[in-house]
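Asker: just a sequence and a predicted model for now, questions to come.
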Amino acid sequence: MVELRKVTKDYPMGGGVYRALRGVDLAIAEGEYVAITGPSGSGKSTLLHLIGALHKPTSGQVLLEGIDLGRLSPEELARLRNAKIGFVFQQFHLLPRLTALENVELPMAYAGLRPKLRRERAQAALARVGLLEFAHHRPNQLSGGQCQRVAIARALVNEPALILADEPTGNLDTKTGDEIVELFSSLHREGRTLVVVTHEPEIAARAPRVVKLRDGRIEEDTHGDL
Ligand SMILES: Nc1ncnc2c1ncn2[C@@H]1O[C@H](COP(=O)(O)OP(=O)(O)OP(=O)(O)O)[C@@H](O)[C@H]1O
Ligand SMILES: [Mg+2]
């Protein structure tokens, strides 16, 4: 599903460059649940952004379902992201003026779906994360965990093949974080492909595969017993 070949990423820094990724080879099969861990600054978010076609590598290739992302135009990349990838971030990135339901409808509006279908699907996605009764609340009327569940519903609503999450529980207390982690596990059981960046060992422990980064390289890639 995802393949990285000799991927590097440099960021300009001062007069020179900072080598955030220093040659990463990684293959993720359809249906896998992978946790990405490692110290702060080790390149986790950078890696996730490359997998999600949000940024381009400095060198090397990123392939999604066999398609080399480097060959696509910005418009093609945007279309591919919308169709195939669901993103979940630490800061939920919900639009404050829109209700939960309207936030979840947004990706489908971009995809050009009819309003009635949008509404039905958004309601189903909110029901999936247990928030149907909060459909008409705005983000400031929801708890942090509820906001994150809305963000997950939004990530799911176009039925993406791949779900990417960057510290999805970073802003939540432990109990609320556990609910989110449970939700990821159930998405995995449904056969979705998940890549979740996390600092937290308890979350990484729930993933069958853990990829540990250090200084822009893969230090360890462990498959659990599942
Ligand atoms: N836009 C940028 N411009 C310059 N340097 C950057 C940029 N983004 C990231 N970096 C640098 O690249 C390195 C890797 O950053 P990245 O955000 O991938 O780390 P991370 O593993 O996600 O860390 P954290 O756990 O703190 O989120 C860091 O040293 C960071 O300072
Ligand atoms: Mg990060």
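Answerer: It's in. Owing to the predicted nature of the structure, the values given are computational and were not obtained by experimental measurement. Ligands and ions are numbered 1, 2, ... in the order given.

Asker: the residue most central in space within the chain in helix, strand or coil?
Answerer: For the chain, residue 164 is the residue whose C-alpha lies nearest the centre (Cα atoms, centre = their mean; 1.7 Å). The three-state assignment at residue 164 reads strand, by DSSP: H, G, I helix; E, B strand; the rest coil.

Asker: with the one 4 residues further on instead?
Answerer: Taken by three-state DSSP, the conformation at residue 168 corresponds to coil.

Asker: and it, what pLDDT?
Answerer: Predicted confidence (pLDDT) at residue 168: the value is 92.

Asker: next, the contact list for it, please.
Answerer: Taking Cβ atoms under 8 Å, 6 or more residues apart in numbering as the criterion, residue 168 is in contact with 88-90, 148, 152, 180, 184, 196, 198. Quick note: C-beta positions are derived from backbone N, CA and C, even for glycine.

Asker: can you pull the pLDDT of residue 213?
Answerer: The model reports residue 213 with a pLDDT of 97.

Asker: now the phi/psi pair for the closest residue to residue 42 other than its chain neighbours, please.
Answerer: Leaving aside its chain neighbours, residue 42 sits nearest to residue 213 (4.2 Å; criterion: Cβ to Cβ, 6 or more residues apart in numbering). Residue 213 adopts backbone torsions of phi -100, psi 150, taken as degrees, to the nearest 10.

Asker: who does residue 213 form a beta bridge with?
Answerer: residue 218 (DSSP bridges).

Asker: with residue 3 as the reference, measure out to it.
Answerer: As for residue 213, its distance to residue 3 is 17 Å (criterion: Cβ to Cβ, to the nearest Å).

Asker: that's a strand at residue 119, yeah?
Answerer: No: counting by three-state DSSP, residue 119 is not found in a strand; it is helix.

Asker: just list the residues touching it, thanks.
Answerer: 101, 105.

Asker: repeat the analysis, applying 7 Å as the threshold.
Answerer: residue 105 (Cβ atoms under 7 Å, 6 or more residues apart in numbering).

Asker: now do the one 10 residues further on
Answerer: Counting by Cβ under 7 Å, 6+ apart, residue 129 touches 149, 152-153, 183.

Asker: how about a cut-off of 10 Å?
Answerer: 100, 104, 146, 148-154, 156, 179-180, 183 (Cβ atoms under 10 Å, 6 or more residues apart in numbering).

Asker: ok, residue 162 next?
Answerer: Residues near residue 162 by Cβ under 10 Å, 6+ apart: 1-2, 28, 30, 51-52, 64-65, 81, 84-87, 192-195.

Asker: those in strands, which ones?
Answerer: Among the contacts of residue 162, the members found in strands (DSSP state E) are 2, 28, 64, 85-87, 193-195.
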